[in-house]
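J.: Sequence and predicted structure, then a few things I'm wondering about:
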Amino acid sequence: MRYSLLLSFLLAFAVQLSAQEVVQVVTKIIEKTFNYQDGYEVNVEGQKAEIFVETWKKREIGLRLEISAKHPDKAIAEADLETVNFVAERIRNKVYLRNYRFGGGEQTESILTVVYYITLPEDCPVYVKNYFGAANISNLTNRLRIFGEYSQIDIDNVKGLLDIRTRFGDIIGEKIDGNVTINARRSDVTLYEIAGNYQINAQYGILKLAPTAGLLGLDISAEKSEVYLYDNNDMFGYTLTATHGEVDAPDNLLLMELEDTPEVQKFQLKPPRGETNPMITVSVTFGDVHLEKVPSEGLRY
């Protein structure tokens, strides 16, 4: 009994010491500015990085890169920090920003974090590649390309040409307008207040989309996914197909049945003002299509 009490006391004391252990944080900050001209493009390649892209009125591209290492032993943190290398340079019309580690896939003892803060003119094209991180991009008006793996993508108030490809990384977007292509695998996609033309291909995800009056076209092809469309203003026409799934819509909508078999459900709703209103086309295999009103609490993401 006395041994058990002593062991319990020692364990509790060890936990308390561990909780009081001071973590040392060593940070390296890189700041750089590039002059901007029409035709320039920013290319970012991040590894385990958070990437923030915002705009300003200056005809410059500004970078603040913060690289940190956390470990109880400051010497270990400093040594691990030195294994992180970075590139920030302009070659002709492209500004390249990249972080990578010496030693390849060897695990460090420290917790490493890399954060990019990029500020540029709104008409500057951007190409982001990111692995095991996150990207937050806002207020662009030209061209945006994103390739992500295990990285969440947040987009706010972006116009122009968008090409987004993601694996194991959710997409959340608001106020997007342009010609948009999205390829998503094992990723959820939530887009609201969207306008323009959309081509979306998805596998193994949940898609939630709320278009506005500026939508010109929306074509969704999905597999083993759930698709939710939110239309509060009855502005669009629909062709909805579920193969090995179901089409779910409000009872007051006069959906025209095109096919209804154990394998395929296909329904159509003509635009309210004839062919001048856009059509939304959805085809899902091994999943359901839901046509609903926007929830009072908004879309969840």
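T.: Yep, it's here. Since the structure is predicted, the reported quantities are computational estimates derived from the model, not experimental observations. Residues are numbered from 1 along each chain as shown.

J.: Around E263, how many other residues sit close by?
T.: 9 (other C-beta atoms under 10 Å). Bear in mind the C-beta positions are built from the backbone N, C-alpha and C, glycine included.

J.: Can you give me every residue that contacts it?
T.: For E263, the contacting residues are 243-244, by C-beta atoms under 8 Å, 6 or more residues apart in numbering.

J.: Over to P125?
T.: Applying C-beta under 8 Å, 6+ apart, we find P125 in contact with 40-42, 142-145.

J.: ok, and the most crowded of the residues you listed?
T.: For the contacts of P125, the largest number of neighbours (other C-beta under 10 Å) sits with L144, at 24 neighbours.

J.: who does the helix or strand containing that one pair up with?
T.: If you go by DSSP states H and E, L144 is part of strand 143-149. As defined by DSSP bridges, the strand partners of strand 143-149 come to strand 126-131 (parallel), strand 152-167 (parallel).

J.: Just the CA atoms of it, as PDB, please.
T.: Extracted C-alpha coordinates of strand 143-149, given in PDB (Å, rounded to 0.1, in the frame of the first residue of the first chain):
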ATOM      1  CA  ARG A 143      -5.200  34.100 -62.200                       C
ATOM      2  CA  LEU A 144      -4.900  31.800 -59.300                       C
ATOM      3  CA  ARG A 145      -3.600  28.200 -59.500                       C
ATOM      4  CA  ILE A 146      -3.300  26.000 -56.400                       C
ATOM      5  CA  PHE A 147      -2.100  22.400 -55.900                       C
ATOM      6  CA  GLY A 148      -2.400  21.100 -52.400                       C
ATOM      7  CA  GLU A 149      -1.900  17.800 -50.600                       C
END
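
J.: As JSON lines, the contacts of P125 with distance to F34 and pLDDT would be great.
T.: Output for the contacts of P125, formatted as JSON lines (distance: C-beta to C-beta, whole Å; pLDDT from 0 to 100):
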{"residue": "Y40", "distance to F34": "8", "pLDDT": "98"}
{"residue": "E41", "distance to F34": "11", "pLDDT": "98"}
{"residue": "V42", "distance to F34": "9", "pLDDT": "98"}
{"residue": "N142", "distance to F34": "17", "pLDDT": "97"}
{"residue": "R143", "distance to F34": "18", "pLDDT": "98"}
{"residue": "L144", "distance to F34": "19", "pLDDT": "98"}
{"residue": "R145", "distance to F34": "19", "pLDDT": "98"}
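
J.: one step back: kindly present the strands paired with strand 143-149 as TSV, with separate columns for mean neighbour count and mean pLDDT.
T.: Converted to TSV, the strands paired with strand 143-149 look like this (neighbours: other C-beta atoms under 10 Å; pLDDT from 0 to 100):
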stretch	mean neighbour count	mean pLDDT
strand 126-131	21	97
strand 152-167	20	98
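
J.: For the protein, name the helix or strand with the lowest mean pLDDT.
T.: helix 2-19 (a mean of 45; mean pLDDT, DSSP states H and E).

J.: Whichever helix or strand comes after that helix: which residues count as buried?
T.: Going down the chain from helix 2-19, the next helix or strand is strand 24-35, by DSSP H and E. Residues of strand 24-35 classed as buried: 26, 34 (neighbour count, 16 or more other C-beta atoms under 10 Å).
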